[in-house]
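# Attaching a predicted model along with its sequence, questions to come.
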Amino acid sequence: MEAKYKIYSIKKNDTLKSIALVFEKTQQEIKNFHNLFCAEKELIINDFPPTLQHLYVYAYLDIYINDGRPKVAFESGQFLPFNPSTKKIMYSVMYTIFQDSKINTIEFETSVKCVEKLNNKLFLFEVNRLSKTFINQEEANSIADELAEKVAQVIYPLKIIVDNSGKWIDIENFEIIVKRWKKNRKRILQEYQGDWVEKYLDLNEQTLLNKSNFIEALSKDWFLTTYFTEIYVNYTAILKIEKELKFPILPQCDSLQYKVEQKIEMYRDESNRVNIELNGNINEARGKTDLENKLNFPYYFSSNPELEKVEGTFCTKYFLDQENNVESIYLKSSVELDISTTIEVVISSIK
């Protein structure tokens, strides 16, 4: 026989409101359910009676959620503060690309540092590469891979402006990157020869010498998109928000749009980390045929809504340290086309 209720042991500083938030119920629901089973002297009228030690809660609820772990410290209601550390934090980064039965990995080490607080809403960050890039656990072993590595080196150190939600919004050292590129291009042409090399450099130059193009290209960088995102926001009373976000899963298309629920746990975990999780599905104006044809607008789907919609999922888990800096991230994004694609991003701090 299934239990009708569970018994929650009331702890210091628990209130009817705080318990309702934890269990994602209204205060009235918590009160009414408890009053169904309790003795008369344990009835809840406005808040817990001073002598109340145990609370009757719904049988399916996790009654162990508040087990002495510290609560997440919010500001002005449920706003998670962003006070980035000025120390350099090093990370190992791994991308795994699944395309049907094919699996490829890309690995490197990078660092992130808040260089300066510009004002109450903006911060200057420096992102740098600390290692070579390993593809399927091997260093670049072709001329094309070597060239790609040398072009990428021009970008770093990259200085970006980040707002108080944690999202990067602009590049601060674009002019320096341009000067760096012009010098490096000459060196590359001295080392590699051939018309195809110049064409490859010309193609990259169209991006690197135009700030709008450069920002657009960086918006498709999986590390920047995953790490610098809006997690330092004002959450609702039940610690959830719904929002739309974009993730660059298809290399020859604009980023796909997903509708997600973003939830922050009220209590820090056993390792004293803040846990934030995002879950959702594709919410695209483009249909499957549009994406199969690498279109950035709903050409086929808008003229024929009966065509197949595109499907896919999105999940991210953030773990923040005691100062609310990113300790690790796990992201998984997918899109179901004729060739299904899934991207996994794992970012872990190097102690």
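Thanks, I have the structure now.

# Just to be sure, Lys31 is in a strand?
No. Counting by DSSP: H, G, I helix; E, B strand; the rest coil, Lys31 is not found in a strand; it is helix.

# That one: neighbour count?
For Lys31, the count of nearby residues is 21 (other CB atoms under 10 Å). Where C-beta positions appear, they are placed from N, C-alpha and C, glycine not excepted.

# For it, give me its contacts.
Under the criterion of CB atoms under 8 Å, 6 or more residues apart in numbering, the neighbours of Lys31 are Leu16, Ile44.

# pLDDT value on it, please?
The model reports Lys31 with a pLDDT of 94.

# part of a strand, is Ser212?
No. Assigned with three-state DSSP, Ser212 falls outside any strand and is helix.

# what about it, how many residues close to it?
So Ser212, with other CB under 10 Å, has 8 neighbours.

# roughly how far apart are it and Glu205?
14 Å (CB to CB, to the nearest Å).

# nearest spatial neighbour of Ser255, skipping sequence neighbours?
Spatial nearest neighbour of Ser255, excluding adjacent residues (CB to CB, 6 or more residues apart in numbering): Lys246 at 3.8 Å.

# Remind me which helix or strand the one you found belongs to.
strand 240-247 (DSSP states H and E).

# any residues touching stretch 210-229, and which ones?
93, 95, 110, 112, 125, 127, 158, 160, 162, 166-168, 170-171, 174, 177, 206-208, 245, 247-248, 251, 255, 316, 326, 329, 331, 343, 345, 347.

# ok, 6 Å please
Applying CB atoms under 6 Å, 6 or more residues apart in numbering, the contact partners of stretch 210-229 are Val93, Tyr95, Val162, Lys167, Trp168, Phe174, Thr207, Pro248, Ile329, Leu331, Val345.

# quick one on the thing from earlier: after the strand holding Lys246, which helix or strand is next? Please name it.
strand 256-264.

# For the stretch 251-351 of the chain, just list every one of the strands.
All strands of the stretch 251-351 of the chain, identified by DSSP state E, counting those that start in this stretch, fall at 256-264, 274-282, 313-320, 326-335, 341-349.

# The residue most central in space within the chain and Glu149: what is the separation?
Nearest residue to the geometric centre of the chain (CA atoms, centre = their mean): Thr226, 4.2 Å. As judged by CB to CB, Thr226 and Glu149 stand 21 Å apart.

# Repeat that for Asn119.
36 Å.

# who's more crowded, the two?
When Asn119 and Glu149 are compared for neighbours, Glu149 comes out ahead with 16 against 7, by other CB under 10 Å.

# Ile177 in helix, strand or coil?
helix.

# what residues are up against it?
Contacts of Ile177 (CB under 6 Å, 6+ apart): none.

# Model confidence for Glu270, exactly?
At Glu270, pLDDT is 83.

# Tell me, please, where in the protein the pLDDT is lower than the cut-off.
1-2, 63-68 (pLDDT under 70).

# Please identify the buried residues of the lengthiest strand in it?
Criterion DSSP state E: the longest strand present in the chain is strand 102-117. Buried residues in strand 102-117, counted by 16 or more other CB atoms under 10 Å: Glu107, Phe108, Glu109, Thr110, Ser111, Val112, Lys113, Cys114.

# elements contacting the very next helix or strand once past that strand?
Using DSSP H and E, the next helix or strand after strand 102-117 towards the C-terminus is strand 122-129. Contacting strand 122-129 under the criterion 3 or more CB pairs under 6 Å, 6 or more residues apart in numbering; DSSP states H and E are the following elements: strand 102-117, strand 158-163.

# Of the ones you listed, which is nearest Glu284?
strand 102-117 (23.9 Å; CB to CB).

# the inter-axis angle of the closest one versus strand 122-129?
140 degrees (axes from the mean of the first three to the mean of the last three CA atoms, to 10 degrees).

# For Thr51, the count of nearby residues, please.
7.

# Checking my notes, it in a helix, right?
No. Applying three-state DSSP, one finds Thr51 to be coil, outside a helix.

# Just give the nearest non-adjacent residue to it, would you?
With CB to CB, 6+ apart, the residue lying closest to Thr51 is Lys41, at 7.5 Å.

# List the beta-bridge partners for the nearest residue in space to Tyr258 that is not next to it in sequence.
Spatially, and ignoring its direct neighbours in sequence, Tyr258 is nearest to Phe314 (4.2 Å; CB to CB, 6+ apart). The partner list for Phe314 in beta bridges (DSSP bridges) reads Gly280, Ser333.

# quick one: contacts for Phe314?
Phe314 touches Tyr258, Val260, Gly280, Ser333, counting by CB under 6 Å, 6+ apart.

# Identify the bridge partners of the second one.
Assessed by DSSP bridges, Val260 has beta-bridge partners Lys243, Gly280.

# Show me which positions of stretch 142-154 end up buried.
So for stretch 142-154, counting by 16+ other CB under 10 Å, buried means Leu147, Ala148, Glu149, Lys150, Val151, Val154.
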